[in-house]
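K.L.:
Let me see the structure of the following:
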Amino acid sequence: MTLEEITSELLSRAVELYLAVAYADGEPSEAVRGRAEWPEGLRGADLLGDERFERVPPDAPVHEAERINLRLGNARYPHMKLGIDRVSHSAQYVLVVDTHDKHFAAMVQDSERSQYRDLLNYNARVQQHIERAWTEAGLPTFERYLRSRLTDLSGRRAPEEGR
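P.N.:
Okay, the predicted model is just below:
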């Protein structure tokens, strides 16, 4: 999807699926619910320029950002994010889950290593389930992007095979 194809309706569907998996046994906090609501009919930079979204790099305009994040967390970890990544060397964007949990490895004490590994494993499972739900719902994920690219490539090769 292009930047202009990112609409408040598409993003609302992605958030709905994200929250259903990330908070399967409960409800997200009021703060998370507040970050996940916006007016209908917005798209592209008008939507993603909102202060709730974090850009990477932080000072980049929306159309130049490599990733745009919305911090939604999960039941055990508040820093997980719904990400909108720009595919390298293209104007296409895909939905991703950023677990944002590897940054703390150096700070983890030996006595905490087991708990930290458990958290990493938990976050990885949540990430996989969310991204699977998005893919199955037909939302623009990296998996769907790759499949469409492979289909395009195989379609271009097919006529040459008959020569």
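
K.L.:
Could you pull up the residues touching the spatially most central residue of the chain?
P.N.:
Compute the mean C-alpha point of the chain, and by Cα atoms, centre = their mean the closest residue is Val96, 2.6 Å away. Val96 makes contacts with 67, 83-85, 131, 141-142, as judged by Cβ atoms under 8 Å, 6 or more residues apart in numbering. From N, CA and C alone the C-beta is placed, and that goes for glycine too.

K.L.:
Format those residues as a markdown table; extra columns: pLDDT.
P.N.:
Conversion of these to a markdown table gives the following (pLDDT from 0 to 100):
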| residue | pLDDT |
| --- | --- |
| Arg67 | 96 |
| Gly83 | 97 |
| Ile84 | 97 |
| Asp85 | 96 |
| Glu131 | 97 |
| Thr141 | 94 |
| Phe142 | 89 |
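
K.L.:
of those residues, closest to Asp46?
P.N.:
When those are compared for distance to Asp46 (Cβ to Cβ), Ile84 wins out at 14.1 Å.

K.L.:
what number of residues lie near the closest one?
P.N.:
The criterion is other Cβ atoms under 10 Å. On that basis, Ile84 has 25 neighbouring residues.

K.L.:
got a list of what Val56 touches?
P.N.:
For Val56, the contacting residues are 65-69, taking Cβ under 8 Å, 6+ apart as the criterion.

K.L.:
For the helix ranked longest in the chain, name the packing helices and strands.
P.N.:
In the chain, with assignment by DSSP state H, the single longest helix is helix 113-136. With contacts defined as 3 or more Cβ pairs under 8 Å, 6 or more residues apart in numbering; DSSP states H and E, the packing partners of helix 113-136 are helix 8-22, strand 93-98, helix 142-161.

K.L.:
same thing but 6 Å
P.N.:
helix 8-22, strand 93-98 (3 or more Cβ pairs under 6 Å, 6 or more residues apart in numbering; DSSP states H and E).

K.L.:
tell me the most buried of those?
P.N.:
Greatest average neighbour count among the helices and strands packed on helix 113-136 goes to strand 93-98 (a mean of 22), per mean count of other Cβ atoms under 10 Å.

K.L.:
can you state the direction angle for it and helix 8-22?
P.N.:
Angle between the axes of strand 93-98 and helix 8-22 is 20 degrees (criterion: axes from the mean of the first three to the mean of the last three Cα atoms, to 10 degrees).

K.L.:
quick check: mean pLDDT across strand 93-98?
P.N.:
Across strand 93-98, the average pLDDT comes to 96.
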